[in-house]
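Student: starting from these lines, generate the structure:
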Amino acid sequence: MRWDNWREDCKNVKFDEVILIYPFLWAKECDLTRASKKVVSYEELKELNFELAEKL
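Tutor: Numbers count the residues shown, from 1 in each chain. Purely as a prediction, here's the structure:
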């Protein structure tokens, strides 16, 4: 599950940060080459996952 330039994108991600990929990796619409990638805090991603889990 890597994309072109993934090393460059990950180079400056801090220990308490993650890369949010949208559409989400578990979505059938996800295409890593075209997906949006954004560095966010781990806490932000954790909360987002909890909210989505409640809805599903």
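Student: what's around Val18, how many residues?
Tutor: 17 (other CB atoms under 10 Å). Bear in mind the C-beta positions are built from the backbone N, C-alpha and C, glycine included.
Student: the host helix or strand of it - what's its average pLDDT?
Tutor: Element membership of Val18, judged by DSSP states H and E, is strand 17-22. Strand 17-22 carries an average pLDDT of 96.
Student: residues touching it, excluding its own?
Tutor: Strand 17-22 has contacts (CB atoms under 8 Å, 6 or more residues apart in numbering) with 9-10, 13, 30, 32, 35-42, 44-45, 48.
Student: and for stretch 32-52?
Tutor: Residues outside stretch 32-52 that contact it (CB under 8 Å, 6+ apart) are 1-4, 9, 12-13, 16-23.
Student: re earlier: quick one: which of the contacts of strand 17-22 is most hemmed in?
Tutor: Highest count within the contacts of strand 17-22 by other CB under 10 Å belongs to Ala35, 16 neighbours.
Student: need the per-residue pLDDT for that one.
Tutor: So, for Ala35, pLDDT stands at 95.
Student: what values do phi and psi take at it?
Tutor: Per-residue torsions, Ala35: phi -70, psi 150 (degrees, to the nearest 10).
Student: and it, how far from Leu25?
Tutor: Ala35 is 8 Å from Leu25, where distance means CB to CB, to the nearest Å.
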